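[1] let's see this in three dimensions:
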Amino acid sequence: MSRARRISKHLPHYLSLVGILVFGILGFWFFSFDKVFQIAVAVAVAVSYVVWGVIHHSIHRDLHLDVVVEYIAVAALGLIVMLSLIFRV
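    Reported below is the predicted structural model:
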């Protein structure tokens, strides 16, 4: 399979992931005055990332428990970083 064909096959998936992350960044930035909403945005992005990963791997028929655990771990780490930024003193 050529490189261009591989990229075009996965492009809609990765564009949706980039969209989730961009909207999360914009939501976090635009609502910098409201910590509760920032927490909601951070949690929504983390959950969306896990759901995206499960759907992506399910479509490509390579969904396994270790993949799900990896997505949850990365989302949890990102959420911890975001919450530490929100609650910094």
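
[2] chain center to the helix or strand encompassing Arg6, what's the gap?
    Using DSSP states H and E, the element containing Arg6 is helix 3-30. Between the centre of helix 3-30 and the centre of its chain there are 9 Å (Cα atoms, centre = their mean, to the nearest Å).

[3] again with stretch 77-89
    Distance of stretch 77-89 from the chain centroid (Cα atoms, centre = their mean) equals 15 Å.

[4] how about that stretch: buried residues?
    Residues Gly78, Leu79, Met82, Leu83 are the ones in stretch 77-89 that count as buried (16 or more other Cβ atoms under 10 Å). All C-beta atoms are positioned from the backbone trio N, CA, C, and that covers glycine.

[5] tell me the backbone dihedrals of the first one, please.
    Spelled out, it's Gly78. Main-chain torsions, Gly78, degrees, to the nearest 10: phi -60, psi -40.

[6] read off the pLDDT value for it.
    pLDDT recorded at Gly78 is 95.

[7] is it true that it touches Val47?
    No - in this structure, Gly78 is not within contact of Val47 by Cβ atoms under 8 Å, at 11.2 Å.

[8] if I pick the residue nearest the centre of the chain, what's in contact with it?
    In the chain, the residue lying closest to the centroid (Cα atoms, centre = their mean) is Tyr49, at 2.8 Å. By Cβ atoms under 8 Å, 6 or more residues apart in numbering, the contact list for Tyr49 reads Leu17, Ile20, Leu21, Tyr71, Val74, Ala75, Gly78.

[9] please list only the buried members of those.
    Neighbour-count burial within those applies to Ile20, Tyr71, Ala75, Gly78; the criterion is 16+ other Cβ under 10 Å.
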